[in-house]
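Trainee: pasting the structure only:
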């Protein structure tokens, strides 16, 4: 048995979008894409929709420029090991870990991500609030970008014999949002739906399927790029909210009135608001469910 240090890990989720959390404050642990995929494997590893490495911004080359603004960097990887710009549910779980570890207090903090610094507020609700220990967490997700169709024409999403027009929404990562009659039309979502034109998403995209549940209330399913169908997607829920608001004639940055939608995901419920300055805010739960140690011999094999 190896005498090597046993790296710690935790397991957490936000509306059942689940993550393996690896504290690495000094940025000493190198995780290859293959190692991340092995750790996230639900049979051969710990299992998760993605992996969050917790690193001080000053210790990570991609985050040093944000270190004066945000002490902590969320190094997020999809379950296949690929790097992602942002993960809205992941930011909430990241903040919950920092709180649990005694590194931050309830209130406001800044988190560095590959999509820029995100402002986070940890509510002081206590263990009984917002569906999990510690209360709700609100994340300022930045402003949505809605690119106009390029030379290839409007975006279309296809599953089997069904095709729908889709809205291209960028929340720091790309989304194609399609409004459908029934969420079952999305199929199994194990494989990525066909999205055209390919030129609209040169690095792939997340795809959301959306139905109406009531006034300013929608439900969605999502295929996350690099992870398959997940129980929730925070940036996807924000993209859905913005697409629904535009469809319904609401544009806070133009009309000066904030708008809020309830977005149901398979793993729970998120509340998304768009403010008059264009900023999108997401509020929802974040729960740490377990912690332990990675076996060094197994990890060496995974890293190999």
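Mentor: Alright, I've got the coordinates. What you are looking at is a predicted structure, and each value in this text was computed from that prediction instead of being measured. Numbers count the residues shown, from 1 in each chain.

Trainee: quick one: the helices in the stretch 101-250 of the chain?
Mentor: Along the stretch 101-250 of the chain, counting by DSSP state H, counting those that start in this stretch, helices occupy 234-247.

Trainee: Low-confidence ranges, it, go.
Mentor: Scanning the stretch 101-250 of the chain for pLDDT under 70 picks out the ranges 125-134.

Trainee: Leaving aside the residues adjacent along the chain, what's closest to residue 174?
Mentor: residue 205 (4.3 Å; C-beta to C-beta, 6 or more residues apart in numbering). No exception for glycine: its C-beta is placed from N, CA and C like everyone else's.

Trainee: Neighbours of the nearest residue to residue 262 once chain neighbours are set aside, how many?
Mentor: Excluding its sequence neighbours, the residue lying closest to residue 262 (C-beta to C-beta, 6+ apart) is residue 217, at 4.6 Å. Neighbour count for residue 217, taken as other C-beta atoms under 10 Å: 13.

Trainee: again with the one 5 residues further on
Mentor: With neighbours defined by other C-beta under 10 Å, the count for residue 222 comes to 29.

Trainee: and it, what is it in contact with?
Mentor: Residues in contact with residue 222 (C-beta atoms under 8 Å, 6 or more residues apart in numbering) are 189, 206, 207, 208, 209, 229, 230, 232, 233, 236, 265.

Trainee: now residue 112
Mentor: Residue 112 makes contact with 57, 63, 66, 67, 69, 70, 72, 73, 74, 118, according to C-beta under 8 Å, 6+ apart.

Trainee: Disregarding flanking residues, what is the spatial nearest neighbour of the last one?
Mentor: Right, residue 118. Once flanking residues are discounted, residue 118 sits nearest to residue 111: 5.0 Å by C-beta to C-beta, 6+ apart.

Trainee: do the same with the fifth one
Mentor: The shortest distance from residue 69 to any residue that is not its chain neighbour, by C-beta to C-beta, 6+ apart, is 5.2 Å, and that residue is residue 117.

Trainee: Is that neighbour in contact with residue 109, as I believe?
Mentor: No. If you go by C-beta atoms under 8 Å, residue 117 and residue 109 don't touch, sitting 10.3 Å apart.

Trainee: shared neighbours of those two, anything?
Mentor: Residues touching both residue 117 and residue 109 comprise residue 70, with contact defined as C-beta under 8 Å, 6+ apart.

Trainee: returning to that earlier point: which members of the contacts of residue 112 are classed as buried?
Mentor: Among these, those buried by neighbour count (16 or more other C-beta atoms under 10 Å) are 57, 63, 66, 67, 70, 72, 73, 74, 118.

Trainee: Which ones among those map onto strands?
Mentor: Within those, residues falling in strands by DSSP state E are 72, 73, 74, 118.

Trainee: Please name the nearest non-neighbouring residue to residue 75.
Mentor: Nearest residue to residue 75 in three dimensions, chain neighbours excluded: residue 53, at 3.9 Å (C-beta to C-beta, 6+ apart).

Trainee: in stretch 39-54, what counts as buried?
Mentor: Of the residues in stretch 39-54, 39, 40, 45, 46, 48, 49, 50, 51, 52, 53, 54 count as buried by neighbour count, 16+ other C-beta under 10 Å.

Trainee: end to end, how far does it reach?
Mentor: Stretch 39-54 stretches 16 Å from its first residue to its last (C-alpha to C-alpha, to the nearest Å).

Trainee: try stretch 205-224
Mentor: Stretch 205-224 has an end-to-end distance of 7 Å (C-alpha to C-alpha).

Trainee: Show me the domain layout of this protein.
Mentor: Following automatic domain parsing, one gets these domains for the chain: 8-136+287-303, 155-284.

Trainee: could you show me where the strands are in the stretch 1-150 of the chain, in order?
Mentor: For the stretch 1-150 of the chain, applying DSSP state E, counting those that start in this stretch gives strands covering 8-14, 17-23, 50-56, 72-78, 107-113, 116-122, 137-143.

Trainee: need those strands in a markdown table with distance to residue 159, can you?
Mentor: Formatted as a markdown table, these follow (distance: least, C-beta to C-beta, whole Å):
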| stretch | distance to residue 159 |
| --- | --- |
| strand 8-14 | 26 |
| strand 17-23 | 21 |
| strand 50-56 | 24 |
| strand 72-78 | 21 |
| strand 107-113 | 30 |
| strand 116-122 | 32 |
| strand 137-143 | 27 |
